[in-house]
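**Student:** Provided below for reference: sequence and predicted model.
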Amino acid sequence: MRFSLTDEQVAFRDAVRDLLAQSPPETVWYDLAKMGVFGAAVPESAGGLGLSDVDLVPVLMELGYAAAAHPVAETILAAPLLVGDPRLADVLAGATRIAVVGADRLGAFGGDLILVVDEAVRLVAPEESTVEKAIDPARPLLRVTLPPGGELAADPDLVRLRIQLATAAQLVGVGRRMLDVTTAYVKTRHQFGVP
């Protein structure tokens, strides 16, 4: 078995890493859209890059490392569910953001569309949302009121597994960033006049 990244996976990961490091926060979302990141898991026949979940893991790790303050991973994961839907074009162009909520209707970020994963998978526009207190002020928790309908032909268990994979990959990236910051600090730390 091969456990190392392919050259293509490394190139895409590095391109996303560079973009996240160089783009100002106010344009990073649109820069990711121009790069095609939101269509990464969308089949090529529908205008995407046609990447597998395995191909996405290094990119998702970079999103965690950069602490991307947008629903990038959520939009990447939800986009393939829109194949054949006219809303996909806006998602790929960065004009539509997709947030994810579970059965409790509580999720991070606001979204133009909300992917609801409970006993079924639905994609709907929120009727209203209220901000709940969150530890991270850059990522408010939203409790959303959702209209009926919007059910997609998708397996909720598979969608949940993909969300869990994306969350785990982002957490690995966050952990790597914390380790890098800590290591850099320890190299410069002095106590009682000595390193």
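**Tutor:** Great, that's in hand. Numbers count the residues shown, from 1 in each chain.
**Student:** In this protein, which residue is most central in space?
**Tutor:** residue 73 (1.1 Å; CA atoms, centre = their mean).
**Student:** which SS class is residue 114?
**Tutor:** strand (DSSP: H, G, I helix; E, B strand; the rest coil).
**Student:** bridging residues for it?
**Tutor:** According to DSSP bridges, the partner residues bridging residue 114 are residue 99, residue 124.
**Student:** any idea how far it is from residue 24?
**Tutor:** As defined by CB to CB, to the nearest Å, residue 114 lies at a distance of 27 Å from residue 24. (Each C-beta comes from the backbone N, C-alpha and C, glycine too.)
**Student:** The two: which has the busier surroundings?
**Tutor:** Ranked by neighbour count (other CB atoms under 10 Å), residue 114 and residue 24 place residue 114 first, with 28 against 7.
**Student:** Return the residues in contact with the more buried one.
**Tutor:** Each residue near residue 114 by CB atoms under 8 Å, 6 or more residues apart in numbering is listed here: 98, 99, 100, 101, 107, 123, 124, 125, 126, 144, 146.
**Student:** quick one: pLDDT of it?
**Tutor:** At residue 114, the model reports a pLDDT of 86.
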